[in-house]
Every structure is written in structure tokens, then in C-alpha cells.
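A.B. asks: here is a sequence with its predicted model. Questions after.
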Amino acid sequence: MEKYFEILENMKLNRLDITKLYILSSTDNRLSKEERVEQMNYVYDLWLDADVDLDLSRMTDIVIENWKKIKNGKMTDEEILDETVCY
């Protein structure tokens with residue numbers, strides 16, 4: 001158990017955001033490192049901008065499943081939020 005507290009303390013010292021780390025761990029590992037970071041930032045920013053209590057894991061899954069559509073402008077933020085809420 002002590003190990004977990006050490007990890008948390010290290011995260012605080014390095015100003016790592018545990019939410020971003022969670023999202024990053026859920027991104028598509030077939031993508032490049034840069035694109036995984038892009039996915040992480042997209043989900044995180046959308047989640048914050050929504051300013052409502054949403055299922056972060058569900059929203060992350062939706063973004064990963066539809067990443068190509070999102071990148072090509074064929075899926076909007078509103079559609080992602082709707083899918084997250086209605087699922």
C-alpha cells in the first residue's frame with residue numbers, strides 16, 4: 001500500500017494530472033505517441049468544456065471508436081456528448 005502513496009506523491013511533485021493519465025491509458029495503443037496524446041487532450045478538453053457530470057470512460061471509448069470521423073470533421077463534439085449521455 002505504501003507504494004501507491006509514493007506514486008501519488010510523485011505525481012503531485014511532478015504535477016501530473018491523474019485524469020489525463022487515466023485517459024492516456026485508455027487511448028488506442030495502435031496509434032503513434034503523438035496521436036495518443038492528441039486523443040487524450042481532446043477527451044480531456046471536451047470533458048471539461050461539457051461542464052456536466054459525464055461518464056469519462058464512456059466518452060473516451062466513443063472518441064477512440066470514432067477518432068477517424070472526428071479527425072475528418074464527420075462527428076461533432078455535440079454528437080459525442082449526446083452518445084455519452086444517451087448510452
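C.D. replies: Sure, I can see it.

A.B. asks: looking at the protein, which helix or strand does the model trust least?
C.D. replies: helix 2-13 (a mean of 83; mean pLDDT, DSSP states H and E).

A.B. asks: packing partners for the next helix or strand after that one?
C.D. replies: The first helix or strand that comes after helix 2-13 along the chain, using DSSP states H and E, is helix 18-26. Here helix 18-26 touches helix 33-50, helix 56-65, going by 3 or more Cβ pairs under 8 Å, 6 or more residues apart in numbering; DSSP states H and E. (Each C-beta comes from the backbone N, C-alpha and C, glycine too.)

A.B. asks: what residues are up against Leu54?
C.D. replies: Contact partners of Leu54, counting by Cβ atoms under 8 Å, 6 or more residues apart in numbering, are 47, 81, 84-85.

A.B. asks: quick check, Trp47 in contact with Met59.
C.D. replies: Yes. Counting by Cβ atoms under 8 Å, Met59 is a contact partner of Trp47 at 6.2 Å.
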